[in-house]
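Enquirer: Quick check, what structure comes out for this input:
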Amino acid sequence: MRLDAWHSAPPPHPHPLHTWLTDRGSLTARIISGISKPPSQAQTRVPPQPQPLPPPPQFNLVRLIQHLQLPNRDERRDLRLRLGELAVVREVVLRAGNRPLVFAHSVLAKRDLRGAWRGLSHLGSRPLAEMLFHDPTVARLPMEYKKIDCRHPLFQRAAKVTNIADKTIWARRSVFVKQGRALLVTEVFLSVPGADSNAEES
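Expert: Numbering: from 1, shown residues only. The predicted model follows:
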């Protein structure tokens, strides 16, 4: 199987990541909503000697890089870049407390950082979702999915962020278009965002 081949079909329901992978809304907003929900009734039942509940983990974003580099082969093809042409690459990790949830990798043509996507220059450590889901001129193309392993460059990049116990992990990607210019966003799921949201890595 080609390492750069992506597919239109997500994992079937009831895979624990199915709804996360197929949701076309803001992933950042959904993670924030999920970790800020109050504990369930079973969790809040008062024991004979009440113990204070730990505070919920706080959403945070860690920007890893934003610089010029050669895109992956499939990214170059999808963005219609020339062989050897550098692209702007931004990588961040979405976390609940200290627990990495999603490794996000975004790519666009260098010229578009001064054009349609110039807002990216001033984004800093704020979520990219602020640009993508609050601008009516931005359109999202259909999503693609892939199960990646240690041979894939994005798996290798994500493995530098956190220990990955599984041999394969799910990723999704889609192109956002503004003024006819493309921004390719890939999200690699390091864990199920809604699971054990009160647990943090040491």
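Enquirer: Hmm, Ala171 is touching Thr186, no?
Expert: Yes: Ala171 lies in contact with Thr186 (CB atoms under 8 Å); the separation is 5.9 Å. C-beta: built from backbone N, CA, C; applies to glycine.
Enquirer: Quick check: which helices or strands does the helix or strand of the chain with the lowest mean pLDDT pack against?
Expert: Ranking every helix and strand in the chain by mean pLDDT, DSSP states H and E puts helix 27-36 at the bottom, with a mean of 88. Contact analysis of helix 27-36 by 3 or more CB pairs under 8 Å, 6 or more residues apart in numbering; DSSP states H and E lists strand 59-69, strand 87-96, strand 99-109, helix 129-132 as its packing neighbours.
Enquirer: Stretch 4-14 - what's its average pLDDT?
Expert: When pLDDT is averaged over stretch 4-14, the result is 89.
Enquirer: Go ahead and name everything in contact with the least confident helix or strand of the chain.
Expert: Outside helix 27-36, the residues that touch it by CB atoms under 8 Å, 6 or more residues apart in numbering are 20, 23, 56-59, 61, 94, 96, 101-102, 127-129, 133, 187, 193-194, 197.
Enquirer: The residue lying closest to Val93 once chain neighbours are set aside and Val88: what is the separation?
Expert: Spatial nearest neighbour of Val93, excluding adjacent residues (CB to CB, 6 or more residues apart in numbering): Val62 at 4.7 Å. Applying CB to CB, to the nearest Å, the value for Val62 to Val88 is 18 Å.
Enquirer: Which one of the two is surrounded by more residues?
Expert: Using other CB atoms under 10 Å as the criterion, Val62 and Val88 rank with Val88 on top: 21 against 12.
Enquirer: Could you pull up the contacting residues of the more buried one?
Expert: Shown in contact with Val88 (CB under 8 Å, 6+ apart): Gln66, His67, Leu68, Val107, Leu108, Ala109, Lys110, Asp112, Leu113, Leu120.
Enquirer: among the helices and strands packed on helix 27-36, which is nearest Ile164?
Expert: strand 99-109 (9.7 Å; CB to CB).
Enquirer: Check the model's average confidence along that closest one for me.
Expert: Rounded mean pLDDT across strand 99-109 is 96.
Enquirer: what angle sits between it and strand 87-96?
Expert: 160 degrees (axes from the mean of the first three to the mean of the last three CA atoms, to 10 degrees).
Enquirer: how many neighbours does His7 have?
Expert: By the criterion of other CB under 10 Å, His7 has 9 neighbours.
Enquirer: Nearest residue to it in space, please, no chain neighbours.
Expert: Nearest residue to His7 in three dimensions, chain neighbours excluded: Tyr145, at 5.5 Å (CB to CB, 6+ apart).
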